[in-house]
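K.L.:
3D model of this:
(chains A and B)
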Amino acid sequence: MSKPMNKVKVAIIGTGNIGTDLLLKVQRSPVLSCGLFAGRNPDSEGIKLARSLGVRTSLDSIDAIQRDPGCCELAFDATSAKVHLHNAPILKKLGKFTIDLTPSQVGKMCVPVLNLDECLKYDNVNLITCGGQAVIPIIAAILAAQPETEYVEVVASIASRSAGPGTRCNIDEYTQTTKDAILALTGVPRAKAIINLNPAEPPILMHNTIYAKIAEPDMARISREVAAMALRIQKYVPGYKVVLGPVAESDRVTTMVEVVGLGDYLPRYSGNLDIITCAAVNVAEEYARRKSHE
Amino acid sequence: MNDLLFFDSTLRDGSHAVSHQLSAEQISNYCEKIDGSGLNVVIVGHGNGLGASSLQVGLSALSDEKMLRCAREKLKKTRLGVFLIPGFGTIKDDLGPALDLGVDLVCVACHCTEADVTAQHIDYVRQRGKEAHGVLMMYHMATKERLLAEAGKMQSYGAQGIMLMDSAGASDPRMVEDTVRHLSAHLTVPVGFHAHNNLGLAVGNSFTAIKAGAKIIDGTIRGFGAGAGNCQLEVLAGLLTKVKIETGLNLYQLMDVSDQVVAGIMKKPQEIDSVALISGLAGVFSGFAKHVKRAAEQFHVDPRDIFIELGKRKMVAGQEDYIVDVAMYLAGRKKAEGESYDIGSLL
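P.N.:
Next up is the predicted model:
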């Protein structure tokens, strides 16, 4: 039996839905431990939960890390795009490996199943958006089968109740960043992203539709690539599932994916939290494993 | 004194009725003829607004830029407006460029319970020195107290008016009166009403809204719009003239544009077909109609059943992709149970 490695200490900035869901996943990790859970909102449910778990908390957000840089080696930022613009240079100066869960576009855009190795060479990794994490791998799979794909369009529908104030006040960056990341990471020439907050009760599961415009789609090849990609994503996002397609209607190929959450913080309909927090933990754990081999 | 404002959505809501295929010539001609008729603003673009041309809701024949250039060139006295739903268009790709082209007014719209997604866009429009209005779509799905709370948020972001949008045409006159009166009493900015005609009440409900304190009416010439169409502006103008409410509108000019321009753009007269009626009853976005018809044919299910199921699932505009899901579900159910819904399940 190999001897247990030292856990890497992490800080989570932002105590909203995403930060809190992330905390619960970090708590379960064999290689990570939470040294600080910090935000600004004194009424945050997440702060109360963290305290009850015996995790060190602070209401001074990034300032708490500046005061005590030893609290972490790695920082997750689950605040908002605007706040990350402020936090990023501070974390860089402190030498903290940063995993950004806001749509700020500051760091290297990362979808673990596509470019994790490359991203670990950077000091700031950006996880795009939950919709981006859900659809970009599928688009990459379609492009692998049909590099001549002309256009892709994605529609992410998330339950209104699972979108916290951070997501809502970032809806513009969310839409723009999802589109920009599709272009940057898949090589498709034209793309569009649409996001939809659905107020339906009971809340809907996180649902993503991917349309691809391909002159003569080779459906057997596309289906094979998409199925293989879905299996790879399921390794770090267990609730990820292709629920329809790919199916073709003349030159339009449609694929729908749903993400059932683990139900860590919010109920299982909030797959939008899981897909990005699972990706964040995946990046952090890989960082920690490599660190232990150095 | 005339303190009523009229927003003209003919070239925006009407775009739905022609699957977003308005031509440059149609837009130019319409704008030239409607200019100076007393309408406050002409709103132009894809039915779902800036950046909405998509496989999801339909591709436009023309880019947003082309449509706005055509309209801008012809509108000399009447202002030019656009519609934007956050989550479709973005500031960088769509809203910024539209303002650069000379747009005067922006209606920032969202589902009636989600006003906080409009903060960034309303703020941006105001910072650019243009007029911003907030639009609460599918207003029939929320209580008047909730609507006031959401409208209050938009007002706090800088919205200079709040439009209640009866997207599904699901209003009866009492709902309109009750809601408009409540909002008008508590907001400092003017309240507006945008009707759909699914229950044959678009003009009537707009009239009721005015009586209850609405200061802005959003409608279309000849009722040209999604589903059963909108409040027919020239008819409302005539009615208001009859009851001696000052409008500042040139009634004959509106009638001429209706007969000579809009009749030629429309593919068929605006009517309330059964699908439009059922969407009003089910309280579902009437812009779904074409997608529902297509899915009903593809899966051999009754389009009315699709609407009722969409209503039960509280589907909102922008979720066109769910229609196929629902049609498949109903087809499966039909196979298993061999039965159909009846309208009683709505009541």
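K.L.:
For B:Phe193, which three-state class applies?
P.N.:
strand (DSSP: H, G, I helix; E, B strand; the rest coil).
K.L.:
correct me, but it touches B:Val203?
P.N.:
No. Applying C-beta atoms under 8 Å, one finds B:Phe193 not in contact with B:Val203, separated by 11.3 Å. For every residue, glycine as well, the C-beta is placed using N, CA and C.
K.L.:
So for those two, which sits in the more crowded spot?
P.N.:
Counted by other C-beta atoms under 10 Å in any protein chain shown, B:Phe193 and B:Val203 do not tie: B:Phe193 has more neighbours, with 29 against 23.
K.L.:
so what's the more buried one up against?
P.N.:
Counting by C-beta atoms under 8 Å, 6 or more residues apart in numbering or on different chains, B:Phe193 makes contact with B:Met163, B:Leu164, B:Asp166, B:Val176, B:Val180, B:Asn205, B:Ser206, B:Ala209, B:Ala214, B:Ile216, B:Ile217, B:Asp218.
K.L.:
Against A:Thr209, how distant is the second one?
P.N.:
Translated: B:Leu164. Distance, B:Leu164 to A:Thr209, using C-beta to C-beta, to the nearest Å: 29 Å.
K.L.:
What of the fourth one?
P.N.:
The span separating B:Val176 from A:Thr209 equals 35 Å under the rule C-beta to C-beta.
K.L.:
cool, the first one as well?
P.N.:
From B:Met163 across to A:Thr209, the span is 29 Å (C-beta to C-beta).
K.L.:
swap in the fifth one?
P.N.:
Spatial separation of B:Val180 from A:Thr209 under the definition C-beta to C-beta is 36 Å.
K.L.:
now the third one
P.N.:
Summarising the geometry, the distance separating B:Asp166 from A:Thr209, computed by C-beta to C-beta, is 27 Å.
K.L.:
Of these two, give the one with the bigger neighbour count.
P.N.:
B:Asp166 (31 against 27).
K.L.:
correct me, but that one touches B:Met137?
P.N.:
No. Judged on C-beta under 8 Å, B:Asp166 makes no contact with B:Met137 at a distance of 9.0 Å.
K.L.:
Going along the chain, name the strands of the chain.
P.N.:
Went with chain A since none was named. All strands of chain A, identified by DSSP state E, fall at A:8-13, A:32-38, A:57-58, A:74-77, A:97-100, A:108-109, A:124-126, A:151-159, A:190-198, A:206-213, A:240-249, A:252-259.
K.L.:
oops, chain B please
P.N.:
Going by DSSP E, chain B shows strands at B:5-9, B:41-44, B:79-84, B:105-111, B:131-137, B:162-165, B:191-194, B:216-219.
K.L.:
Save these as CSV, and put in mean pLDDT too.
P.N.:
Below are the strands of chain B laid out as CSV (pLDDT from 0 to 100):
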stretch, mean pLDDT
strand B:5-9, 98
strand B:41-44, 98
strand B:79-84, 98
strand B:105-111, 96
strand B:131-137, 97
strand B:162-165, 98
strand B:191-194, 98
strand B:216-219, 98
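K.L.:
would a markdown table of those with distance to A:Asn198 be doable?
P.N.:
Converted to a markdown table, the strands of chain B look like this (distance: least, C-beta to C-beta, whole Å):
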| stretch | distance to A:Asn198 |
| --- | --- |
| strand B:5-9 | 25 |
| strand B:41-44 | 26 |
| strand B:79-84 | 19 |
| strand B:105-111 | 8 |
| strand B:131-137 | 13 |
| strand B:162-165 | 17 |
| strand B:191-194 | 22 |
| strand B:216-219 | 25 |
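K.L.:
how about those, which one is nearest A:Val259?
P.N.:
strand B:105-111 (21.6 Å; C-beta to C-beta).
K.L.:
The residue nearest to B:Cys112 when sequence neighbours are not counted: how many residues sit nearby?
P.N.:
Distance criterion C-beta to C-beta, 6 or more residues apart in numbering or on different chains; nearest residue to B:Cys112, sequence neighbours excluded, is B:Leu136 at 4.1 Å. B:Leu136: 28 surrounding residues under other C-beta under 10 Å.
K.L.:
ok, B:Leu136 touching B:Thr118?
P.N.:
No. Assessed by C-beta under 8 Å, B:Leu136 is found out of contact with B:Thr118, at 9.4 Å.
K.L.:
Overlap in contacts, these two.
P.N.:
B:Ala109, B:Cys110, B:Met154.
K.L.:
residues in contact with the residue lying closest to the first one once chain neighbours are set aside?
P.N.:
Meaning B:Ala109. Distance criterion C-beta to C-beta, 6+ apart; nearest residue to B:Ala109, sequence neighbours excluded, is B:Val135 at 3.6 Å. Going by C-beta under 8 Å, 6+ apart, B:Val135 touches B:Phe83, B:Cys107, B:Val108, B:Ala109, B:Cys110, B:Ile162, B:Met163, B:Met165, B:His194.
K.L.:
let's see 6 Å
P.N.:
B:Cys107, B:Ala109, B:Met163, B:Met165 (C-beta atoms under 6 Å, 6 or more residues apart in numbering or on different chains).
K.L.:
tell me which residues form a beta bridge with it?
P.N.:
B:Ala109, B:Met163 (DSSP bridges).
K.L.:
So for the nearest residue to B:Ala119 once chain neighbours are set aside, what's the pLDDT?
P.N.:
Excluding the flanking residues, the one nearest B:Ala119 by C-beta to C-beta, 6+ apart is B:Tyr157, at 4.5 Å. As predicted, B:Tyr157 sits at a pLDDT of 97.
K.L.:
Let me know how buried B:Tyr157 is, in neighbour terms.
P.N.:
20.
K.L.:
wait, it sits on B:Val117?
P.N.:
No. Between B:Tyr157 and B:Val117 there is no contact under C-beta atoms under 6 Å: 10.4 Å.
K.L.:
still on that earlier bit, now the contacts of B:Val135 in JSON lines, please, with extra columns for neighbour count.
P.N.:
Below are the contacts of B:Val135 laid out as JSON lines (neighbours: other C-beta atoms under 10 Å in any protein chain shown):
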{"residue": "B:Cys107", "neighbour count": "29"}
{"residue": "B:Ala109", "neighbour count": "26"}
{"residue": "B:Met163", "neighbour count": "26"}
{"residue": "B:Met165", "neighbour count": "25"}
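K.L.:
Between all of those residues, which two are separated the most?
P.N.:
Across these (C-beta to C-beta), the longest gap, 9.3 Å, separates B:Cys107 and B:Met165.
K.L.:
how close does the nearest residue to B:Glu320 once chain neighbours are set aside sit to B:Pro303?
P.N.:
Excluding the flanking residues, the one nearest B:Glu320 by C-beta to C-beta, 6+ apart is B:His291, at 5.0 Å. Between B:His291 and B:Pro303 the distance is 10 Å, computed by C-beta to C-beta.
K.L.:
got any ranges where chain A has weak pLDDT?
P.N.:
Applying pLDDT under 70 to chain A flags residues A:1-5, A:201.
K.L.:
Look through it and tell me its longest helix.
P.N.:
helix A:271-293 (DSSP state H).
K.L.:
Give me the contact status of stretch A:130-146 with chain B.
P.N.:
No. Stretch A:130-146 lies out of reach of chain B by C-beta under 6 Å from any C-beta of the partner chain, never closer than 10.3 Å.
K.L.:
So which bits of that stretch are buried?
P.N.:
Of all the residues in stretch A:130-146, those buried under the rule 16 or more other C-beta atoms under 10 Å in any protein chain shown are A:130-146.
K.L.:
Repeat that for stretch B:153-165.
P.N.:
Buried residues in stretch B:153-165 (16+ other C-beta under 10 Å): B:Lys153, B:Met154, B:Gln155, B:Tyr157, B:Gly158, B:Ala159, B:Gln160, B:Gly161, B:Ile162, B:Met163, B:Leu164, B:Met165.
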